[in-house]
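1. coords below, sequence missing:
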Ligand code: SF4
Ligand code: SF4
């Protein structure tokens, strides 16, 4: 079961996640996104990519393979940050 | 890392001095998968560029070419599967066989009772694709999802399903995401 939480303090109420989600998981209430149907989430994480406030958090999502990531570049970035 | 090696060191690692005879095909892969990362990224880059060029030259016709290629591949691979009439079972078997390249599952929203849905005269099943080599290739190249390279995957699934079940089908994209994509398999 996927659990979704929204950081209400960070959310700016833009509604992009509401529009983007194909499963109508979110609804705007008092200008804050609320996950009203988390059971319908299929874990695509496109809402994460689209949220300008990075206010979303998902738990229990199957992490798909990411063999395209350049491990050496990530290691270098990690050293800098 | 391979990039920091000299050619000589690389040759040693790939054991280029070894003589292979037809009957002595090595069953293990050397070097290790981690060391093949650069090769994999190279293949992804090449595939991405081929598709980009195809799109530039053939325009929308690129989709037809890649779809057909995928469909042929699907038919070719699934020829060796046992024939199954039950579509759900066929899809589960296909997912099991493709595991590693494409991991997908049958999916339904909470309020639906069955995976096979008939609505407005159309019978379909939703599929969620998790692991996908196409998505990874596109992301490696900074390309959009849903274009001609995705058509190879649609063709592949349709071809395999047609071959296994004997039913004609069509795959439509519903949503693409960085971690999973939702597709609709329409049965005819
Ligand atoms: S996209 Fe992000 S900031 Fe916009 S409404 Fe959704 S959670 Fe809030
Ligand atoms: S991960 Fe996908 S399905 Fe789940 S809430 Fe986000 S956009 Fe919707």
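-> Okay, I see it. In this text, all values refer to a predicted model and were calculated from it rather than measured experimentally. Numbering: from 1, shown residues only, chains lettered A, B, ... in the order given. Ligands and ions are numbered 1, 2, ... in the order given.
2. For the chain, which segments count as strands?
-> You didn't pick a chain, so chain A it is. With DSSP state E applied, chain A shows strands at A:3-6, A:26-29, A:32-35, A:56-59, listed in chain order.
3. let's do chain B instead
-> B:102-107, B:117-119, B:122-132, B:169-176, B:181-187.
4. would you turn the ones you listed into JSON lines with mean neighbour count, mean pLDDT and distance to ligand 2?
-> Any C-beta I mention is one placed from the backbone N, CA and C, and that applies to glycine too. Listed next are these as JSON lines, based on neighbours: other CB atoms under 10 Å in any protein chain shown; pLDDT from 0 to 100; distance: least, CB to the nearest ligand atom, whole Å:
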{"stretch": "strand B:102-107", "mean neighbour count": "19", "mean pLDDT": "89", "distance to ligand 2": "10"}
{"stretch": "strand B:117-119", "mean neighbour count": "11", "mean pLDDT": "89", "distance to ligand 2": "18"}
{"stretch": "strand B:122-132", "mean neighbour count": "20", "mean pLDDT": "92", "distance to ligand 2": "9"}
{"stretch": "strand B:169-176", "mean neighbour count": "17", "mean pLDDT": "92", "distance to ligand 2": "7"}
{"stretch": "strand B:181-187", "mean neighbour count": "20", "mean pLDDT": "93", "distance to ligand 2": "8"}
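5. which one of the ones you listed lies closest to ligand 1?
-> Nearest to ligand 1 among the strands of chain B is strand B:169-176 (15.8 Å), distances taken as CB to the nearest ligand atom.
6. Let me know whether the closest one sits next to chain A.
-> Yes. Strand B:169-176 lies within reach of chain A by CB under 8 Å from any CB of the partner chain, at B:174, B:175, B:176.
7. what's near enough to touch the residue of chain B found nearest ligand 2?
-> Residue nearest to ligand 2 within chain B: residue B:177 (5.4 Å; CB to the nearest ligand atom). Each residue near residue B:177 by CB atoms under 8 Å, 6 or more residues apart in numbering or on different chains is listed here: A:44, A:45, A:46, A:49.
8. mind redoing it with 10 Å?
-> A:20-22, A:42-50, A:64, B:128-129, B:135, B:145 (CB atoms under 10 Å, 6 or more residues apart in numbering or on different chains).
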